[in-house]
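1. Any chance you could fold what I've pasted below:
(one chain, ligands or ions: 1)
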Amino acid sequence: MSFERTNISRMRGYTPGEQPDSPDIIKLNTNENPYPPPAAVIDTLGAIDGADLRRYPPPLADDFRTVAGLMHGVAPECILPVNGGDELLRLLLTTYVEPDEVLAIMQPSYSLYPVLAQIAGCRLLEIPLTEAWTMPAGLAESLRRHRVKMLILVNPHAPTGSLTPAAYLHELAREFDGIVVLDEAYADFIDPELGHDSMPLARELENVLILRTLSKGYSLAGLRFGYGIGPGDLIHPMAVKTRDSYNTDYISQKLAKAALEAREAAARSWQRVRRSREWLRAELVGLGIETLPSQSNFLLAAIPEAVGAAKLYTALKDHGILVRHFAQPRLNDRLRITVGSETDNEILIQKLRDILQ
Ligand SMILES: Cc1ncc(COP(=O)(O)O)c(C=O)c1O
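-> Below is the predicted model:
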């Protein structure tokens, strides 16, 4: 006999990427930043007085909110600090989507979204991307027709790395009367020359909320810290009603603030990742592996049928390299490869060359 709620007993749960114990494994499977966090973050960690842990932390991470607000040009009340971006996604569903209402996502996208919909017990509308992995025509109309309450879009898109222009998103959000969540987990890796800036949407529109995380850009996946940026009316109910009383801990608050203040140091790692991303893509293409351009810190590589993506995944694993294979429609024949350090990328290409020969 099961005591689980029906929707929970029916669901399978999220499958996280493998986290191997051995430091010898080249880990290109969970889109972590290959470079260390800014030195100022490590210094802040070293300076923390253990005695300060006796007390509860500031419930809403006020100092972090102030710094993040200044950085994004919004009031502190428009920032919601969370225990990793995943917590924000869960809070959004808890706060805004009733069990009989519809959450829309693009297919494919971040595989946690359907899991969160199952936990919330809401309805899920999965909208296929076009053959070219772009947004389908008439999206706003389709959202209206299906009475969608919330749309979650990951931009740059995962797992392709493609970027949807801010102007398109602005138009979409204006034509749609539900909430548009822009999951910008990978925004730090966008080429600055593109001038992409979605922040005006969160500042000007009442239905747009942006997710940011320190996991990728700031090399702090182990810290578990992210934040939402959006109109005060969207942030407020989560801040005062649905959030756990102390959802971010004292240490993470201190380190997250130090990280944003050390943005310039983090930005040097973004530039290195971008350079490596272009190198890696060119090498993959040179090996006959069609790979989409990416504005993120990963590449989606189409593996020739004769080789087979699942087989190549296993062969790489046997050679001590972890990448990600998703056994699902449209992704079955592909591997998602995180851009690693220069050395790791070179080893990957060398091993691929060996395996493919
Ligand atoms: C698309 C996307 N959104 C959100 C997240 C959440 O990141 P975190 O919970 O580490 O902040 C991830 C993590 O991999 C992601 O890939």
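2. If we ignore the residues flanking it in sequence, what's nearest Tyr186?
-> Distance criterion Cβ to Cβ, 6 or more residues apart in numbering; nearest residue to Tyr186, sequence neighbours excluded, is Ser296 at 4.0 Å. C-beta here means a position set from N, CA and C on the backbone, and glycine is covered the same way.
3. residues in contact with the one you found?
-> 31, 156-158, 161, 186, 189-190 (Cβ atoms under 8 Å, 6 or more residues apart in numbering).
4. Would you enumerate the residues in contact with Ile337?
-> 28, 280, 284, 298-301, 323-324, 348.
5. name the element it belongs to?
-> strand 334-338 (DSSP states H and E).
6. Can you spell out which helices and strands pack onto whatever helix or strand comes next after that strand?
-> Sequence-wise, the next helix or strand downstream of strand 334-338 (DSSP H and E) is helix 342-356. Where contact means 3 or more Cβ pairs under 8 Å, 6 or more residues apart in numbering; DSSP states H and E, helix 342-356 is packed against strand 26-27, helix 263-286, helix 309-318, strand 321-322.
7. now what about helix 342-356, what contacts it?
-> By Cβ under 8 Å, 6+ apart, helix 342-356 touches 26, 28, 34, 272, 276, 279-280, 283-284, 287-289, 307, 312, 315-316, 319, 321, 337, 339-340.
8. Then stretch 50-63?
-> 76, 81, 239, 245-246, 248-251, 253, 256-257.
9. what about that stretch, start to end distance?
-> 19 Å (Cα to Cα, to the nearest Å).
10. go on, stretch 252-269?
-> 21 Å.
11. list the buried ones in it?
-> 252-260, 262, 265-266, 269 (16 or more other Cβ atoms under 10 Å).
12. Now render those residues as JSON lines, adding distance to Gly178 and pLDDT.
-> Putting these into JSON lines (distance: Cβ to Cβ, whole Å; pLDDT from 0 to 100) gives the following:
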{"residue": "Ser252", "distance to Gly178": "31", "pLDDT": "98"}
{"residue": "Gln253", "distance to Gly178": "32", "pLDDT": "98"}
{"residue": "Lys254", "distance to Gly178": "36", "pLDDT": "98"}
{"residue": "Leu255", "distance to Gly178": "35", "pLDDT": "98"}
{"residue": "Ala256", "distance to Gly178": "30", "pLDDT": "98"}
{"residue": "Lys257", "distance to Gly178": "33", "pLDDT": "98"}
{"residue": "Ala258", "distance to Gly178": "36", "pLDDT": "98"}
{"residue": "Ala259", "distance to Gly178": "32", "pLDDT": "98"}
{"residue": "Leu260", "distance to Gly178": "30", "pLDDT": "98"}
{"residue": "Ala262", "distance to Gly178": "37", "pLDDT": "98"}
{"residue": "Ala265", "distance to Gly178": "38", "pLDDT": "98"}
{"residue": "Ala266", "distance to Gly178": "33", "pLDDT": "98"}
{"residue": "Ser269", "distance to Gly178": "36", "pLDDT": "98"}
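13. State the pair within these that is farthest apart.
-> The two members of the buried residues of stretch 252-269 with the most space between them (Cβ to Cβ) are Gln253 and Ser269, at 22.1 Å.
14. residues in this protein within reach of the ligand, list them.
-> Contact residues (Cβ under 6 Å from any ligand atom) of the chain with the ligand: 31, 84-86, 110, 154, 158, 183, 185, 213, 215, 221, 226.
15. didn't Val97 look like it was pressed against Met150?
-> Yes. Between Val97 and Met150 there is a contact at 5.4 Å, judged by Cβ atoms under 8 Å.
16. Now the common contact residues for the two.
-> With Cβ under 8 Å, 6+ apart as the test, Val97 and Met150 both reach Leu103.
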